[in-house]
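Visitor: pasting the sequence and the predicted coordinates here, then a few questions.
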Amino acid sequence: MKTRLFLLALLGGILVFLSTQPYPFWEGFGVIMACLTALWVVSLAIKDASIIDIFWGLGFVIVAWFYRYRMGLSDTRSLVLCAMVSAWGLRLGLHLAIRNLGHGEDYRYQVWRKEHGKNWWWVSYLRVFLLQGVILWIVSSALLVGLTPAHGQLQWLDWVGVALWGVGFYFEAVGDWQLTQFKKNPNNKGQLLQTGLWALTRHPNYFGDALLWWGYFCFACANGAFAYVFSPVLMTFLLMKVSGVALLEQTLSKTKPQFDAYQKRVPAFFPRLF
């Protein structure tokens, strides 16, 4: 409950700060919510709200290119940033689609569906689709100011961002691939992956995802928009305390007997370097 209240207060404060943003930002909200509303209708038809997880990364791809189009940009720098967002979002969406489609609704949404019964059809819009749409919109503000044409060419801070993005993409993509290969082996049923990147951090994919956003933030910093640090901070907070590490480890501690020893040996989020 405390985490939810903190998150709502944080979102409210950020929205006050963003209330003066130029028109492409507000149009971006319309684009995001139009996509998510259509997705919500589909979720009602197939009785699976977890399809929003597949859309999460794709939503940033759509809004990044929309911002670039609305600002009439054609420079290399904005193209590089949009390409980075696209590579991340499309890979993540494809990975989740392959992993999730055909396996039924995620257990989190199944629990909420049972709790709300006949009211789930509209509760799902507010609790799942609208909330995630607002978060997506707020976080994407760093992309908007990063794309703003203060510079036509890549600056040194942009190159730092590219480097952080590269490391983050490696941790997320390779971490996901290693886990997928591990689960494909029937001999590993009931076991816990503890090798590869998973020997450095218990959640290399979540760490990588967070690092990516610090890379995007560097593009905003190159334009002097340091106040938009709330974007990577919010993503890191969500991954560590809300929908990522904290939620998954509650399940792992109950279902994997090896998890306690693994937890003592390997850090939860930031990789062990030595």
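Guide: Now that the structure is in, tell me what you want to look at. Residues are numbered from 1 along each chain as shown.
Visitor: going by C-alpha atoms from here, please, whenever you check contacts or count neighbours.
Guide: Fine.
Visitor: which SS class is the residue of the chain most remote from its centre?
Guide: Distance from the C-alpha centroid of the chain, by C-alpha atoms, centre = their mean, peaks at residue 187 (31.2 Å). Following DSSP: H, G, I helix; E, B strand; the rest coil, the label given to residue 187 is helix.
Visitor: tell me which residues touch it, please.
Guide: By C-alpha atoms under 8 Å, 6 or more residues apart in numbering, residue 187 lies in contact with nothing.
Visitor: how close does it get to residue 180?
Guide: Going from residue 187 to residue 180 by C-alpha to C-alpha, to the nearest Å gives 14 Å.
Visitor: cool, residue 217 as well?
Guide: 30 Å.
Visitor: neighbour-wise, which of these two wins?
Guide: Higher neighbour count among residue 217 and residue 180: residue 217, with 27 against 13, using other C-alpha atoms under 10 Å.
Visitor: report the distance from the helix or strand harbouring the more buried one to the chain centre.
Guide: Here residue 217 is covered by helix 204-222, with elements defined by DSSP states H and E. In terms of C-alpha atoms, centre = their mean, to the nearest Å, the centre of helix 204-222 is set 11 Å apart from its chain centre.
Visitor: only the C-alpha atoms, please, for the very next helix or strand once past that helix, written as PDB.
Guide: Going down the chain from helix 204-222, the next helix or strand is helix 230-237, by DSSP H and E. Below are the C-alpha coordinates for helix 230-237, written out as PDB (Å, rounded to 0.1, in the frame of the first residue of the first chain):
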ATOM      1  CA  PHE A 230      12.500  11.500 -13.100                       C
ATOM      2  CA  SER A 231      12.100   9.400 -16.300                       C
ATOM      3  CA  PRO A 232      14.900   6.800 -15.700                       C
ATOM      4  CA  VAL A 233      14.400   7.100 -11.900                       C
ATOM      5  CA  LEU A 234      10.700   6.100 -12.300                       C
ATOM      6  CA  MET A 235      11.500   3.200 -14.600                       C
ATOM      7  CA  THR A 236      14.200   2.000 -12.200                       C
ATOM      8  CA  PHE A 237      11.900   2.200  -9.300                       C
END
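Visitor: what angle do helix 204-222 and helix 230-237 make with each other?
Guide: Between helix 230-237 and helix 204-222, the angle comes out at 170 degrees (axes from the mean of the first three to the mean of the last three C-alpha atoms, to 10 degrees).
Visitor: average model confidence for helix 230-237?
Guide: Helix 230-237 carries an average pLDDT of 92.
Visitor: list the contacts of it.
Guide: In contact with helix 230-237 (C-alpha under 8 Å, 6+ apart) are residues 14, 138-142, 210, 213-214, 217.
Visitor: what residues sit buried inside it?
Guide: 230-237 (16 or more other C-alpha atoms under 10 Å).
Visitor: save the residues you listed as TSV, and put in distance to residue 206 too.
Guide: Shown next, in TSV, are those (distance: C-alpha to C-alpha, whole Å):
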residue	distance to residue 206
230	18
231	16
232	13
233	13
234	13
235	10
236	9
237	11
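Visitor: quick check: can you list the domain ranges of the protein?
Guide: 1-150, 154-274 (automatic domain parsing).
Visitor: averaging pLDDT over each of these, which comes out lowest?
Guide: domain 1-150 (a mean of 88).
Visitor: residue 212 reaches residue 171, doesn't it?
Guide: No. At 9.7 Å, residue 212 does not count as touching residue 171 under the criterion of C-alpha atoms under 8 Å.
Visitor: between those two, which has more neighbouring residues?
Guide: residue 212 (28 against 25).
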